[in-house]
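Asker: The sequence and its predicted three-dimensional model are supplied below.
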Amino acid sequence: MAKYPDAQRKAQEELHRVCPDRMPQFEDCDQLPYVNALIKETIRWIPIAPIGFPHAVSQDIICGGYRIPEGAVIIPNVWGFLHDPSTFRDPMEFIPERFFDTKDWPAEPDLTHTVFGWGRRACPGRKVADSALFLTTAQFLRVFEVKKALDDTSHEIEPLIEVKAGTVVHPEPFPVRIVLQSDEHGKLLDSHLKQFKWDDSDAEKLKAIPE
């Protein structure tokens, strides 16, 4: 959001329009297409698992002119699927609008399901993950704004996105500022936290467990 503030602003405008005086809930999902596109693009842009889990081929198959024999182990290239320039224009750019039809460009396919795997080894928690991503993103952007960090001379520091490669990837740390959009947004957040209170900590109970 710090690197692509226009995308953040569009999501916030949609949230303010759909939920003008409250926090978004699950039932608002269908009314927030841009927020959903932003989440899809985040998953596509830097998938946390760039290669999927190994699978064993259950029978001889021909794929792309190559014979893959029964029993062969294959590893899906998730990063390749989600950054294929023949499928996604400017695949290294963060463009939530790519999932919408426009007069200049047809909607690009939503392949974010690939990050959850296939077949019997597909992630059983996908629905939980989708729901958590939506609610966390929508409620966060409803009240907060992510801004670029400032240096000692109060000039903005452009976020440098460098991905640490591995079986599981994540961006290298970079500074940002997270602020409330306004005092009114702070009041909305306070009201929400009063309605949905945190449960008491189990820290003391954990201390009593023998090592």
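Answerer: Structure's in. What do you need? Numbers count the residues shown, from 1 in each chain.

Asker: contacting residues for Arg89?
Answerer: Applying Cβ atoms under 8 Å, 6 or more residues apart in numbering, we find Arg89 in contact with Ile95, Arg98, Trp105, Glu108. Bear in mind the C-beta positions are built from the backbone N, C-alpha and C, glycine included.

Asker: most surrounded residue in these?
Answerer: Using other Cβ atoms under 10 Å as the neighbour test, the contacts of Arg89 are led by Arg98, with 23 neighbours.

Asker: Quick check: the farthest pair among the contacts of Arg89?
Answerer: Ile95 and Trp105 (10.0 Å; Cβ to Cβ).

Asker: any idea which helix or strand comes after the longest helix seen in the chain?
Answerer: Using DSSP state H to define each element, the chain has its longest helix at helix 126-143. Sequence-wise, the next helix or strand downstream of helix 126-143 (DSSP states H and E) is strand 144-148.

Asker: any idea of the angle that next one forms with helix 126-143?
Answerer: Orientation check (axes from the mean of the first three to the mean of the last three Cα atoms, to 10 degrees): strand 144-148 against helix 126-143 gives 80 degrees.

Asker: For whichever helix or strand comes after strand 144-148, which outside residues touch it?
Answerer: Going down the chain from strand 144-148, the next helix or strand is strand 163-164, by DSSP H and E. Identification of contacts with strand 163-164 by Cβ under 8 Å, 6+ apart yields Ile46, Val169, His170, Pro171, Glu172.

Asker: burial count for Ile75?
Answerer: Residues lying near Ile75 (other Cβ under 10 Å) number 10.

Asker: now the helix or strand bottoming out on mean pLDDT in the chain, how far from the chain's geometric center?
Answerer: Lowest by mean pLDDT, DSSP states H and E among the helices and strands of the chain is helix 203-207, with a mean of 81. Remark: helix 203-207 is offset 33 Å from the chain centroid, using Cα atoms, centre = their mean, to the nearest Å.

Asker: What residues sit buried inside it?
Answerer: Neighbour-count burial for helix 203-207 flags no residue at all (criterion: 16 or more other Cβ atoms under 10 Å).

Asker: Repeat that for stretch 179-193.
Answerer: For stretch 179-193, a neighbour-count test (16+ other Cβ under 10 Å) marks Gln181, His185, Leu188, Leu189 as buried.

Asker: List the contacts of it.
Answerer: Gln12, Asp21, Arg22, Met23, Gln139, Arg142, Val143, Phe144, Glu145, Lys147.
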